[in-house]
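**Student:** the sequence and its predicted three-dimensional model are supplied below.
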Amino acid sequence: MIYLDNTAGALLSDAAKAAMNRAMDHPEDILGNATRIIKEHLGVSEGTVIFTSGATENASIASRATRSWSESRRVVVSVMDHVDTLNQVLSLDLLGVTELGSVPTKELTLALSDKAAEVVMLTLANAETGVITNFKEAADRVKLVSTALVYLDARHAPGRVRFFTLPPSVDMVGIDACIAHGPPGVGALWVRDTDMIMPVTQGGFEQGGLRPGSVNTIGVAGMAAALQDVRDHEKDVYTRLDGLRKHLDDSILAVSGVGLTFSEAPMVCCTSNYRVEGVDTRALELVLRKQGIAVGHRSSGLHHTTANTPLMKYLYPDDKVSSNIRMSVSWMNSSDDLQTVAQLFREAVGILRNDFSKAP
């Protein structure tokens with residue numbers, strides 16, 4: 001299997017495996033070590049790290065953060081946010097996106113004009129397209145015109161966004177271990193001030209009552225080791241991923257009728273989203289999987305539905321079928337892998353276009 005769905009979850013690294021094995025025999029100060037590594041990764045010394053089950057729980061806790069609870073509270077999100085963020089609340093303001101994959105600051109300002117929004121949910125990079133958003137500009141705008149709290153989904157920062165620095169205008173940051181070659185089912189939420197956090201569940205006094213329940217210390221050890229491994233080799237990892245992605249882009253975009261979504265926007269170094277004219281990419285994904293290639297054409301939360309995500313609906317409102325497919329490389333892939341993918345992709349697109357043209 002050639003695995004090119006590393007945005008949904010990357011394969012477990014050797015460093016993470018080794019750390020998890022050690023943690024089973026030597027569980028001393030796992031949380032303290034992980035807290036230090038996460039803060040170093042974010043470039044902060046203050047604040048509190050809450051260990052969670054991953055990105056969905058991060059978004060759930062963050063969306064309920066508040067300075068003063070109100071039944072009429074509102075949450076502002078963008079179509080660029082992950083579906084696990086969009087599905088957190090019913091009462092939300094949904095912002096659009098610019099041609100460069102940015103949050104429109106005029107729309108954002110308007111959404112905050114009545115001062116009712118409690119939280120603005122931002123993403124560092126979009127999971128479907130790999131576009132790096134204007135998160136810093138957006139966070140600064142929030143603080144300029146409102147008192148709303150700002151959450152940043154930074155699951156795609158480790159080893160994928162070079163020179164990431166946390167803006168002081170951000171109040172909460174979410175990290176997901178499995179995106180950084182750590183174990184699935186574990187993540188972390190950094191908060192600048194714990195007074196803003198309202199526990200999603202009730203229970204014991206673990207983590208100061210901010211997230212009751214036993215912490216997955218074995219998973220946390222794997223997450224910390226994966227983050228440290230990426231940090232120790234960041235330049236090499238980034239350079240390799242960027243080279244692999246560009247090699248893949250050159251091969252895939254050489255196929256007639258294939259384009260790159262947000263072609264002029266800044267991108268993470270591993271992910272591309274291709275628009276394939278005349279092909280239902282749900283069928284294309286199935287054909288490639290039968291050939292031993294794992295890819296994703298929607299964000300991971302919707303892999304097994306027939307609906308496009310809010311972002312794809314926003315960009316292509318007239319689409320009757322899905323015409324976009326995502327590929328995301330990792331440093332575990334090789335140039336030979338990508339050569340094979342490009343060849344099978346070209347053949348599959350040709351077959352599906354021929355069938356599509358014959359359809360009634």
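**Tutor:** Thanks, I have it.

**Student:** remind me which residues of this protein are low pLDDT?
**Tutor:** Residue ranges of the chain with pLDDT under 70: 67-73, 89-92, 297-308, 355-360.

**Student:** how about the helices in it?
**Tutor:** Secondary structure of the chain (DSSP state H): helices at 14-25, 30-42, 55-63, 83-86, 105-111, 135-145, 217-232, 234-252, 281-290, 310-315, 335-358.

**Student:** elements contacting the first one?
**Tutor:** For helix 14-25, the elements it packs on are helix 217-232, judged by 3 or more C-beta pairs under 8 Å, 6 or more residues apart in numbering; DSSP states H and E. The way it works is simple: take the backbone N, C-alpha and C, and place the C-beta from them, glycine included.

**Student:** relative to helix 234-252, how tilted is the helix it packs on?
**Tutor:** 80 degrees (axes from the mean of the first three to the mean of the last three C-alpha atoms, to 10 degrees).

**Student:** with just CA atoms, put helix 217-232 into CSV.
**Tutor:** Output of helix 217-232 as CSV, limited to C-alpha atoms (Å, rounded to 0.1, in the frame of the first residue of the first chain):
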residue,chain,number,x,y,z
THR,A,217,-0.1,8.7,29.3
ILE,A,218,1.2,6.1,26.9
GLY,A,219,-0.3,8.0,24.0
VAL,A,220,1.0,11.3,25.4
ALA,A,221,4.5,9.8,25.5
GLY,A,222,4.2,8.9,21.8
MET,A,223,2.9,12.3,20.9
ALA,A,224,5.8,14.1,22.7
ALA,A,225,8.4,11.9,21.1
ALA,A,226,6.8,12.4,17.6
LEU,A,227,6.8,16.2,18.1
GLN,A,228,10.4,16.2,19.4
ASP,A,229,11.5,14.0,16.5
VAL,A,230,10.0,16.4,14.0
ARG,A,231,11.5,19.4,15.8
ASP,A,232,15.0,17.8,15.8
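
**Student:** helices or strands up against it?
**Tutor:** Under the contact rule (3+ C-beta pairs under 8 Å, 6+ apart), helix 217-232 is packed against helix 14-25, helix 30-42, strand 187-191.

**Student:** other residues contacting it?
**Tutor:** Contacts of helix 217-232 with the rest of the structure, by C-beta atoms under 8 Å, 6 or more residues apart in numbering, involve 12-13, 15-20, 22-24, 27, 30-31, 33-34, 37-38, 40-41, 51, 158-159, 175, 177, 180-183, 185-188, 237.

**Student:** buried ones in that helix?
**Tutor:** Neighbour-count burial for helix 217-232 flags 217-230 (criterion: 16 or more other C-beta atoms under 10 Å).

**Student:** any chance of these in CSV, plus distance to Ser263?
**Tutor:** Putting the buried residues of helix 217-232 into CSV (distance: C-beta to C-beta, whole Å) gives the following:
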residue, distance to Ser263
Thr217, 44
Ile218, 42
Gly219, 37
Val220, 39
Ala221, 40
Gly222, 36
Met223, 33
Ala224, 36
Ala225, 36
Ala226, 31
Leu227, 31
Gln228, 34
Asp229, 32
Val230, 27
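
**Student:** of those, which pair is most distant in space?
**Tutor:** Thr217 and Val230 (20.6 Å; C-beta to C-beta).

**Student:** ok, back up a step: just say which of the helices and strands packed on helix 217-232 is most tucked in.
**Tutor:** When the helices and strands packed on helix 217-232 are scored by mean count of other C-beta atoms under 10 Å, the highest mean neighbour count falls to strand 187-191 (a mean of 25).

**Student:** roughly how far does Glu40 sit from Arg346?
**Tutor:** Applying C-beta to C-beta, to the nearest Å, the value for Glu40 to Arg346 is 44 Å.

**Student:** repeat that for Phe205.
**Tutor:** 58 Å.
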